[in-house]
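A.B. asks: Here you go, sequence then predicted model.
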Amino acid sequence: MKNILAFSGSNNPDSINEKLVQSVIERYSNCDIRFIDLKKFDAPMYSQDIQSRGIPQTILELYKIFQESEGFIVASPEHNGLPSAFLKNTIDWLSIINQKFFDNKPVLLLSTSPGATGAKTHLGLLANLVHLWGGKLKSTYSLGSFESNFDVNIKRIKNDLEIEKLDKAFNAFINNDTKAVKSNKEVVESYFEAFTNGNLDEVLHVFHPNCYIVSVKEEERSTEQLHGIYRTREEAKQFLNNIISLFETKDFTVDTVVEANGNLVIAKGKFSHLVKSSGKLFNSNWVQLCIIEDEMIKEYRFYEDSAALIEALSIEHA
């Protein structure tokens with residue numbers, strides 16, 4: 001990939017996100033990456049009234065640069081859980097010219113913050129919007145605890161583990177054969193699709209190797225017990241086997257899947273299971289909470305009507 005455009009969505013002259021994106025350019029200096037300072041393309045706060053007088057010349061110039069570029073690295077600061085007003089305003093103006101201003105080109109999203117999450121919360125929001133702007137999101141990277149993990153004197157990340165994560169994200173971005181990254185919602189939807197199709201191998205691969213599963217109650221359990229804690233992908237297999245041994249699923253409906261803050265995905269629906277031991281139907285609404293990491297389910301919590309299960313398990317004698 002040639003002519004990659006990199007910029008920060010901050011108008012702070014001492015922006016840590018700009019420091020991060022500059023360090024990325026330096027680390028991958030063998031790649032054709034060009035930095036632009038968005039502050040030089042500033043425009044008035046978007047309004048229809050201002051638009052009626054014409055699109056600002058700075059935005060027209062910026063759009064031309066976007067057209068000439070083959071890929072984009074965007075470092076976005078987080079303000080109150082959202083992208084900066086400065087970046088949002090730039091996006092608003094570009095989308096007036098062309099809603100899909102990324103023009104089906106690859107995008108790498110970056111963020112950093114003084115806090116431990118590295119502004120990851122709002123990056124999830126941006127990740128879900130990139131396709132609306134015509135971008136092919138290839139990867140994301142968030143650097144937490146900027147002061148601890150970044151050396152401002154040598155202008156680079158000093159944490160080896162973080163460097164490894166950045167390399168992985170950048171390689172996914174630069175490699176045109178790499179599929180676009182799944183959103184957190186899409187990860188959970190792929191889990192439901194595999195589950196309803198009975199593809200248990202595919203279900204297992206949606207779980208993180210070090211996943212943590214809570215089925216109804218957060219307490220230790222015996223091997224054959226359905227409800228309780230499961231750890232790792234290997235125990236996730238036991239979780240699925242326990243479901244299969246106890247129930248024959250008659251219906252499993254997903255009503256809602258929504259993303260929340262902190263890589264959390266919330267889903268709800270209803271199911272109808274035939275309890276094999278009693279021959280009774282177990283009907284229940286359900287709620288599922290998932291935390292996503294590396295496009296896999298790292299933490300999984302599932303809640304159902306326990307009283308209805310107890311009733312369905314009971315065997316009536318004549």
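C.D. replies: Received, thanks.
A.B. asks: Near the nearest residue to Ser314 once chain neighbours are set aside, how many other residues are there?
C.D. replies: Nearest residue to Ser314 in three dimensions, chain neighbours excluded: Ser278, at 6.5 Å (CB to CB, 6 or more residues apart in numbering). Heads up, the C-betas are built off the backbone N, CA and C, glycines and all. Counted with other CB atoms under 10 Å, the neighbours of Ser278 add up to 14.
A.B. asks: OK, contacts around Ser278?
C.D. replies: 312-315 (CB atoms under 8 Å, 6 or more residues apart in numbering).
A.B. asks: So what does Lys268 look like in phi/psi?
C.D. replies: phi -150, psi 160 (degrees, to the nearest 10).
A.B. asks: Correct me if wrong: it contacts Trp286.
C.D. replies: Yes. With contact defined as CB atoms under 8 Å, Lys268 reaches Trp286; the gap is 6.6 Å.
A.B. asks: Give me the distance between Phe302 and Leu281.
C.D. replies: Separation of Phe302 from Leu281 (CB to CB, to the nearest Å): 19 Å.
A.B. asks: looking at this, Leu126 is in a strand?
C.D. replies: No. Using DSSP: H, G, I helix; E, B strand; the rest coil, the assignment for Leu126 is helix, not a strand.
A.B. asks: Which residues outside stretch 208-225 are in contact with it?
C.D. replies: 207, 226-233, 235-236, 238-239, 242, 245, 293-294, 296-304, 306.
A.B. asks: Give me the subset of these that lies in helices.
C.D. replies: 232-233, 235-236, 238-239, 242, 245, 306 (DSSP state H).
A.B. asks: Count the neighbours of Asn98 for me.
C.D. replies: Count around Asn98 with other CB under 10 Å applied: 14.
A.B. asks: list the contacts for it?
C.D. replies: 63, 134.
A.B. asks: Tell me the confidence at Val275?
C.D. replies: Looking at Val275, its pLDDT stands at 95.
A.B. asks: That one contacts Leu246, correct?
C.D. replies: Yes. Counting by CB under 8 Å, Leu246 is a contact partner of Val275 at 6.7 Å.
A.B. asks: for the stretch 51-200 of the chain, which spans come out with low pLDDT?
C.D. replies: 176-180 (pLDDT under 70).
A.B. asks: Show the buried residues in the contacts of stretch 208-225.
C.D. replies: Among these, those buried by neighbour count (16 or more other CB atoms under 10 Å) are 207, 226-228, 230, 233, 236, 238-239, 242, 296-300, 302-304.
A.B. asks: Okay, and which of these map to strands?
C.D. replies: Residues from those lying in strands, with DSSP state E as the criterion: 207, 228, 230, 296-300, 302-304.
A.B. asks: Could you single out the nearest of the residues you listed to Glu147?
C.D. replies: Relative to Glu147, the closest of these is Lys298; by CB to CB it sits at 26.2 Å.
A.B. asks: any chance you could map the strands in the stretch 1-150 of the chain?
C.D. replies: Under the criterion DSSP state E, counting those that start in this stretch, strands of the stretch 1-150 of the chain are mapped to 4-8, 33-35, 71-75, 78-79, 82-83, 105-112, 135-143, 150-151.
A.B. asks: closest to Ala194 out of these?
C.D. replies: strand 135-143 (22.2 Å).
A.B. asks: Now do the closest one and strand 71-75, the angle between them.
C.D. replies: 40 degrees (axes from the mean of the first three to the mean of the last three CA atoms, to 10 degrees).
A.B. asks: what helices or strands is strand 135-143 leaning on?
C.D. replies: Counting contacts by 3 or more CB pairs under 8 Å, 6 or more residues apart in numbering; DSSP states H and E, strand 135-143 is packed against strand 105-112, helix 120-129, helix 160-174.
A.B. asks: mind running it again at 10 Å?
C.D. replies: Secondary-structure packing of strand 135-143 (3 or more CB pairs under 10 Å, 6 or more residues apart in numbering; DSSP states H and E): helix 16-27, strand 71-75, strand 105-112, helix 120-129, helix 160-174.
A.B. asks: Okay, now the unreliable bits of the stretch 201-318 of the chain?
C.D. replies: Short version for the stretch 201-318 of the chain, where the test is pLDDT under 70: 316-318.
A.B. asks: again, 90 this time
C.D. replies: 223-224, 259-263, 293-295, 314-318 (pLDDT under 90).
A.B. asks: and which of the ones in strands among the buried ones among the contacts of stretch 208-225 is nearest to Met1?
C.D. replies: Checking those one by one against Met1 (CB to CB), the nearest turns out to be Met296, at 26.7 Å.
A.B. asks: what's near enough to touch the closest one?
C.D. replies: 182, 187, 191, 205-211, 233, 290 (CB atoms under 10 Å, 6 or more residues apart in numbering).
A.B. asks: Equivalent analysis for Asp32, please.
C.D. replies: Contacts of Asp32 by CB under 10 Å, 6+ apart are 1-4, 69-71.
A.B. asks: Quick check: buried residues in stretch 253-265?
C.D. replies: Under 16+ other CB under 10 Å, the buried positions of stretch 253-265 are 254, 257, 259, 263-265.
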